[in-house]
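Undergrad: next one to model:
(chains A and B)
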Amino acid sequence: MILDVSEHIADQLIYILIGLGLFDKNVKVTHPTSLKHADYTTSIAMQLSVDAIKNNIASSSLDLAEIIKERYLALNDEIIDEINVVNPGFINFWLSKKFISTSIGLLIDNKQIDLAIKTRNREKIMIEFTDTNPFKEFHIGHLYSNIVGESLSRLLEAQGANVRRVIYQGDVGMHVAKAVWGFMQNLENKSGQDLVLRIANLEEKSLHEKIKFLGDAYSYGSRAFEDDSQAAEQIKVLNKKIYDKDIEVMPAYNVGREWSLKYFETIYARLGTKFDNYYFESEVGPEGSKIVKEYQLKGIFEESDGAIIFPGEKYGLHNRVFINSLGLPTYEAKELGLAPRKYKDFSYDMSVIVTGNEINEYFRVLLKALELIYPDIAVKTKHISHGMVRIPEGKMSSRKGNVITGEWLLDESMHQIQDRYVKMSEDSSEKVALGAVKYSLLKFSLGSDVLFNFDESISLDGNSGPYLQYAYVRTQSILARLEIESMDKFIFQIPESSSKDELLLLRMIIQYADVINESANMFSPHILCTYLFSLAQQFNIFYQKHKILESDQRGFRIHLTTAVGIVLRDGLKILGIPVPEKM
RNA sequence: GCGCUUGUAGCUCAACGGAUAGAGCAACUCCCUUCUAAGGAGUAGGUUACAGGUUCGAUUCCUGUCAGGCGCACCA
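TA: This next block holds a predicted model:
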């Protein structure tokens, strides 16, 4: 809908600067911190003032800014209405009303957002996120990863990318061994029936009861692992048996794995994620081991204390075990097996992996090893890490029983909403609950830890998901009062008497495309959140001050409301937040 | 001890090296016979942990100090 205005202005500026005998290809044109200053701004005059003064081009940064302004005005750029220069040398650009009305008119006609600049047109991007572990719960950390991964996927899709969502699940390893051990022990104590029959009895139970059973088995197993050295030995042996697909453990292993995966699937569906590929540690482990052994011969890996390690210290990192002394691949080796497998399935231009920041260090080591083995894959791999979700009591642990599961949070959020708004439909309250929880995690910049606060995560007021949903619903309920006839008849035009609030709202809408690109390029959904919140705020101010349907500017205001609704709906969709019809 | 990371209003967080450092929550004042008050208007709240440095300009970059978090080989 909108051409890339900042790039357009930057091009003009470069042309002007060359004419002046100044050259800087890093001319940046950005949105100022506040739209009160202008639509676009550049600080180039200040950056080049030293050069300009030295070469007698200008006497100061302010002077240089004035010179640039005059030359820009001489270009008669139709997009720009006004340029002003502000101390100590900012050059501020104001979009013309003509440009604004044309852009908004297009937006309304198309009834959707279509970024003219498809910065990632058809780029193939594989994105891995959520990474649950069968046999364990789906806790808020997984929830966070899922919400972040899904919104990043949608941001990249908005830029035109061909995105493939994948998940990598840990179905082997010590956590699984602990759970299977606990599972078998818990079954053992019940009756004299044989294992297969005892498992069959459990099949009648509901999925939730089965998951509860698995959860208990895991905490029983991990407690035993720490407190009982004999049990710990058994669990280690069991771990190996699981890798080897030993017939003795497979019945319990297979049903537990299946229950878990089925359960996770219900959560992904609820959250609105559909994965295209599923990868499992059990599948990539053997390949990873093979690669490590092959490259051990080439000197990339070394033997140490019976294990095979990658000597990260040689590269300023630290050493990591890739194959343990039992001959089993660790996380790192499995990841090494996963990388080429993913590339084989989808010859991507970029591979994004979303994880918690606790594994940042490992990932650096892993990337180094990958770089030595598959340099072409390594350069395409991008690790995005989000912070850990902390709870006020400290660390979550299954053992302490203070794990907050994703499902519990969503359910609890929904209950609170239904208590407060008794008339709301089931469908809307689920959407609002999702909006509250998702937005509360997305609004923070990625990277640093987030403190989980229940009241805030389900907050319905202020800077929250429901605030945005409410603003959207408000636009729709106003528009719903319209007769169908009236919609197509006006040509979008900004009246002379339009107020500052209305103009500001229009200028904010124009920025949407830039915000999407910035948010996607920086892999930062919170940028979109911040924007949508201020847009909704500005709309609420407008709504409070002005009558829409009963005013002499009815047509204009209806269109304005329509445009805000389109942007809010589209932006929320990109965040993965559904919009209810009524609230 | 080493590596990575964070420190901004009472709390939770924004701010591409730029303009008077902004929001939400909490507190206090107001505004519903009105297109949805899940809203709006206002007041109060800051030596951006501390000390230097680089720059026309530093919350942002560099160095040091202090404080928190994470990671330091067979878990993921």
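Undergrad: ok, A:Asn239 to RNA strand B distance?
TA: Using C-beta to the nearest atom of the strand, to the nearest Å, one gets 7 Å for the distance from A:Asn239 to RNA strand B. No exception for glycine: its C-beta is placed from N, CA and C like everyone else's.
Undergrad: so what's that residue up against?
TA: A:172-174, A:176-177, A:328 (C-beta atoms under 8 Å, 6 or more residues apart in numbering).
Undergrad: repeat the analysis, applying 7 Å as the threshold.
TA: A:Asn239 makes contact with A:174, A:177 under the criterion C-beta atoms under 7 Å, 6 or more residues apart in numbering.
Undergrad: and the least confident helix or strand in chain A by mean pLDDT, what other elements does it pack with?
TA: Using mean pLDDT, DSSP states H and E, helix A:195-202 stands out as the lowest-scoring helix or strand of chain A, at a mean of 74. Here helix A:195-202 touches helix A:250-271, going by 3 or more C-beta pairs under 7 Å, 6 or more residues apart in numbering; DSSP states H and E.
Undergrad: contacts for the helix it packs on next, please.
TA: Helix A:250-271 is contacted from outside by A:132, A:134-135, A:138, A:146, A:150, A:171, A:179-180, A:183-184, A:195-196, A:199, A:207, A:210-211, A:214, A:242, A:275, A:406-407, using C-beta under 7 Å, 6+ apart.
Undergrad: downstream of that helix, the next helix or strand is which one?
TA: Heading C-terminal from helix A:250-271, the first helix or strand you meet, by DSSP states H and E, is strand A:277-280.
Undergrad: quick check: neighbours of that following strand in the sheet, parallel or antiparallel?
TA: For strand A:277-280, the pairing partners within the sheet under DSSP bridges are strand A:162-169 (parallel).
Undergrad: okay, the partner strand in CSV with CA atoms only?
TA: Output of strand A:162-169 as CSV, limited to C-alpha atoms (Å, rounded to 0.1, in the frame of the first residue of the first chain):
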residue,chain,number,x,y,z
ASN,A,162,7.8,-18.8,2.9
VAL,A,163,7.9,-19.9,6.5
ARG,A,164,8.1,-23.4,7.7
ARG,A,165,7.3,-24.0,11.4
VAL,A,166,9.0,-26.9,13.0
ILE,A,167,9.3,-28.4,16.5
TYR,A,168,12.1,-30.4,17.9
GLN,A,169,11.1,-32.6,20.8
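Undergrad: other residues contacting it?
TA: Contacts of strand A:162-169 (C-beta under 7 Å, 6+ apart): A:122-128, A:130-134, A:153, A:156-157, A:273-280, A:338, A:342, A:346.
Undergrad: which residues does the residue nearest the centre of chain A contact?
TA: In chain A, the residue lying closest to the centroid (C-alpha atoms, centre = their mean) is A:Val148, at 2.7 Å. By C-beta under 7 Å, 6+ apart, the contact list for A:Val148 reads A:129, A:354, A:386, A:446, A:525.
Undergrad: dump those to CSV, plus distance to A:Glu258.
TA: Putting these into CSV (distance: C-beta to C-beta, whole Å) gives the following:
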residue, distance to A:Glu258
A:Phe129, 22
A:Val354, 26
A:His386, 29
A:Leu446, 33
A:Pro525, 33
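Undergrad: switch those residues over to TSV; also include secondary structure.
TA: Supplementary listing: those in TSV, determined by DSSP: H, G, I helix; E, B strand; the rest coil:
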residue	secondary structure
A:Phe129	coil
A:Val354	strand
A:His386	strand
A:Leu446	coil
A:Pro525	helix
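Undergrad: nearest to A:Val321 among those?
TA: A:Val354 (24.4 Å; C-beta to C-beta).
Undergrad: could you measure the closest residue to the closest one other than its chain neighbours against A:Tyr374, distance?
TA: Excluding its sequence neighbours, the residue lying closest to A:Val354 (C-beta to C-beta, 6 or more residues apart in numbering) is A:Phe129, at 3.9 Å. Noted for A:Phe129: a distance of 22 Å to A:Tyr374, by C-beta to C-beta, to the nearest Å.
Undergrad: these two: which is more packed in?
TA: More crowded of A:Phe129 and A:Tyr374, by other C-beta atoms under 10 Å: A:Phe129, with 27 against 17.
Undergrad: RNA strand B contacts on the stretch 151-300 of chain A?
TA: A:170, A:172-175, A:239, A:281 (C-beta under 7 Å from any atom of the strand).
Undergrad: can you tell me which of these end up in helices?
TA: A:174-175, A:239, A:281 (DSSP state H).
Undergrad: domain parsing for chain A?
TA: A:5-95, A:172-251 (automatic domain parsing).
Undergrad: ok so, going back, which of the contacts of A:Val148 are buried, as a ChimeraX select command?
TA: Command for ChimeraX that selects the buried part of the contacts of A:Val148, burial taken from 16 or more other C-beta atoms under 10 Å:
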select /A:129,354,386,446,525
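Undergrad: what is the nearest of the contacts of A:Val148 to RNA strand B?
TA: Closest approach to RNA strand B among the contacts of A:Val148 (C-beta to the nearest atom of the strand): A:Leu446, at 7.8 Å.
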